[in-house]
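In: my questions are about this predicted structure, shown below with the sequence.
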Amino acid sequence: MTIFVTGHSIISAIGTKTAEVHQNLKSEISGIKSMTVDGIGECNLALVSTTNEELKEKYTIKGDYSRTALLGIASLKNLINNCSLNSNKSLKTGFISGTSVGGIDATEQEYLKHLRGQEYNKEQFLNHSSGTVTDQIARETFPFDITNTISTACSSASNAILLAAKMMRMGLIDRAVVGGSDSLSNFTINGFKSLMIYDQNLCCPFDKNRKGLNLGEGAGYLLLETEKSITQTQNQPLALLSGWCNASDAYHQTASSPSGEGAQLAMQGALKMAQLKAEDISYINAHGTGTQNNDLSESTAIKAVFGNSTPDFSSTKSYTGHTLAASGGIESGIAIMALNKGCLYPNLHFKTKIKETGLTPILTYSEGKAMQHILSNAFGFGGNSTSLIFSKI
Amino acid sequence: MRALGIKFANSISCQNTFNQVGFFDKLNKLDTNSEALVPNYKNLFQPSQLRRMSPILKAGLSLAISCKKACRAPFDSIIIGTGLGCLTDTGKFLQNINLKTGDSLSPTSFIQSTHNTIAGQISILLNNKGYNMTHSQNNLSFEMSLLDAMTEINEGKRSILVGGIDEAHPFLEEIKNRVVTKTYPNTLSAAFFVLDKADHQQTVQIKSVYTDFSSDSINPFIERVCKEGNIDFNQIDLVLHSGINSTLVAQHARSMNYLDYTGYNLSSSALATHFAYDFLKHNPNKTALIINHLCTSKSAIFIETNDQA
Amino acid sequence: MDAFKTQLKEQIIEQLNLEDIKPEDIDNSTALFGDEKLGLDSIDALEFIVLLDQNYGIKISDPSHGKDVFHSVDSLSKYIQANKAN
């Protein structure tokens, strides 16, 4: 069964319209900025530069929702504006959204007040659960037939994409909006600080002297359609989702195995499913968080799978920050832009190769590369490893 | 839809269900003080493992171990549904933020706060490198996990571990009256199943899972389920429901509000499925329907014994 | 010094949540990471950094510097004596 991508939208620190996102990637303008966070001090974060009130006004949102929900609604409304997603009784439409934090940006402050014996707003806790965030996004955007939430940390959105594809192959749905949303929160900012994996400077994925990640926030979604759906909607396909695979590293809760076994299995599985060889891949949008552990593990895995055919690759987290559960949705959108424009987005701030693997990512923006197939990686806590392959129409 | 054969089932609940069979007729209505009957975890885990485990992790990993013991072949897929995830560790990390002195924060509870900690820890414990997924769709987390299992069968996978699990947290008591009207105990609920492509080898099969995300009332949903599944509602031998107000259910010869036996928990339908499985294992050629309307979204799981087994 | 090391072991037990371990179960000179009974990993290395900060005001900003410091109770004790904030 052919799975078409017929739309995508990105809300991130480097833009809320795809043209804007492309321009910033091309101009090497990162959305990561230094700011002071209460209780943490100086921190490099990639914020979406729209407040909650501005989001509510711009996207006509009435509910008192968490920021994760607001970002998701914004992204979906943009998606629906750009491609045809109309009610159609003969098409079953799914919505699968990934999130790691759910509505905690709305509830964490209230819980802290509760811990301190202060008055707090009980109503806010109705915003807390991951499933409710998805329901809220759906309520404000489209009467989906099935809604679901995937919560596998940083691979959530990518897993949402592959789950929808499987549901289509089983005939449960004909089309789906898929991706993820995560906002910044005290919980995650403090959480990654406790892991001591921040870079005090701008992150430099795959660089020998990388110190860690910079957190980001955002929402990214794709519209996937079967042939049955596209015949009715007449949407213009942007790409094919030609392969996917989810596997487990089964090594440690937060660290990836030295050989990157989970990543290897995911990439090999996606290639097998797409019936492609390693040399058929023109570009990898890497997970590339900038941490010592991930980038070594991922580049080891890339070498193991691709060997001498290691394609051009980059981590665009040097622009968007690490958007956690949304990363697979945002970066799939970026990868599809690269595929269609035939352009290579650079990996910022890289200077020196990692000694053990000796790989150099894309250093400068270029156009004119004929690309047929590209790979997108997303790896989450618990060793959750997902790779997706998008192919040119 | 792909029918799922149940090869093994186990649960940890306020009923005596862990490693038990034939318990259905001995189920007792819970009271507000009821607590989960958990196994002696010290018999199952090393102290160095136990020291970090929250209640949800202990329960989930114990059940995963029991499923692995019962079905020796490695699982192709591990799929967990949890409505609220790892609440104990989430609360703990927020408390750490609250009490923070100095620059540093203990990372352990943050690391274990992501919803997929349970599925991830199972993969590490069992050295399982296969498909690993966590669904978190409020009261339908378990049902979405079952649908995911069906897609895995459709993709050619065979042995699938599926669990529905949610833990209690004292804070849920604080916000309880915003969520439920009747008084139920706030409990841990965990039920795990080993599923396979439905064939002659399993006596009990999950035939179909239906979901409804609209705000339609329950009767039209039940009628649609029966029409699509070619089921005569009144011929179903056992109807388990989440305390719903439905004329269809009220006049059914054998219906049971499963919340009276599971407690209020977003994964209680998984436990109800274990109850139904136990009933059907010991009552051949019968059918059961589990109707979950704990929140606005609803689901129905239709289970039957396999005539050919 | 013995009293200090005992107190340090109690702090380690608490910070790492080592249920069923008593101070007398931890040998002063044996490698802490690698002792199967304790089963410590990279998360515990971060917990040691928290212990040093919260109990002694000692900051370690790079986790990789911790390896030698946390090698054993003896090395940890020596490091604390040399670096604790007054």
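Out: All right, it came through fine. Numbering: from 1, shown residues only, chains lettered A, B, ... in the order given.
In: near chain B at all, stretch A:261-278?
Out: Yes - judged by CB under 8 Å from any CB of the partner chain, stretch A:261-278 and chain B are in contact via A:261-262, A:265. Placement of C-beta: from N, CA and C, glycine included.
In: gap between that stretch and the chain center?
Out: Offset of stretch A:261-278 from its chain centre (CA atoms, centre = their mean, to the nearest Å): 19 Å.
In: hmm, who's touching it?
Out: A:242-251, A:256, A:280-281, A:287, A:297-298, A:301-302, A:304-307, A:309, A:373, A:375, A:377, A:379, A:383-389, A:391, B:129 (CB atoms under 8 Å, 6 or more residues apart in numbering or on different chains).
In: which positions within that stretch qualify as buried?
Out: A:261-271, A:273-274, A:276, A:278 (16 or more other CB atoms under 10 Å in any protein chain shown).
In: and the residue of chain C found nearest chain A, what does it touch?
Out: Per CB to the nearest CB, C:Pro63 is where chain C lies closest to chain A, at 5.0 Å. By CB under 8 Å, 6+ apart, C:Pro63 lies in contact with A:196, C:45-46, C:49.
In: if we use 6 Å, what do you get?
Out: By CB atoms under 6 Å, 6 or more residues apart in numbering or on different chains, the contact set of C:Pro63 is A:Met196.
In: phi first, then psi, for B:Ser11.
Out: phi -150, psi 160 (degrees, to the nearest 10).
In: out of the buried residues of stretch A:261-278, which are inside helices?
Out: The helices, defined by DSSP state H, take in A:261-271, A:273 from these.
In: any chance of those in JSON lines, plus distance to C:Ile58?
Out: Conversion of those to JSON lines gives the following (distance: CB to CB, whole Å):
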{"residue": "A:Glu261", "distance to C:Ile58": "37"}
{"residue": "A:Gly262", "distance to C:Ile58": "36"}
{"residue": "A:Ala263", "distance to C:Ile58": "36"}
{"residue": "A:Gln264", "distance to C:Ile58": "40"}
{"residue": "A:Leu265", "distance to C:Ile58": "41"}
{"residue": "A:Ala266", "distance to C:Ile58": "41"}
{"residue": "A:Met267", "distance to C:Ile58": "42"}
{"residue": "A:Gln268", "distance to C:Ile58": "45"}
{"residue": "A:Gly269", "distance to C:Ile58": "46"}
{"residue": "A:Ala270", "distance to C:Ile58": "46"}
{"residue": "A:Leu271", "distance to C:Ile58": "49"}
{"residue": "A:Met273", "distance to C:Ile58": "51"}
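In: OK, contacts around A:Ala46?
Out: A:13, A:31-32, A:216, A:320-321.
In: and the spatially most central residue of chain A, what element?
Out: Closest residue to the average C-alpha location of chain A: A:Ser327 at 1.8 Å, with CA atoms, centre = their mean. A:Ser327 belongs to helix A:327-341 when assigned by DSSP states H and E.
In: pLDDT on that helix, on average?
Out: The pLDDT scores in helix A:327-341 average 98.
In: try stretch A:276-289
Out: Here the average pLDDT along stretch A:276-289 is 98.
In: again with stretch A:296-315
Out: In the prediction, stretch A:296-315 has an average pLDDT of 97.
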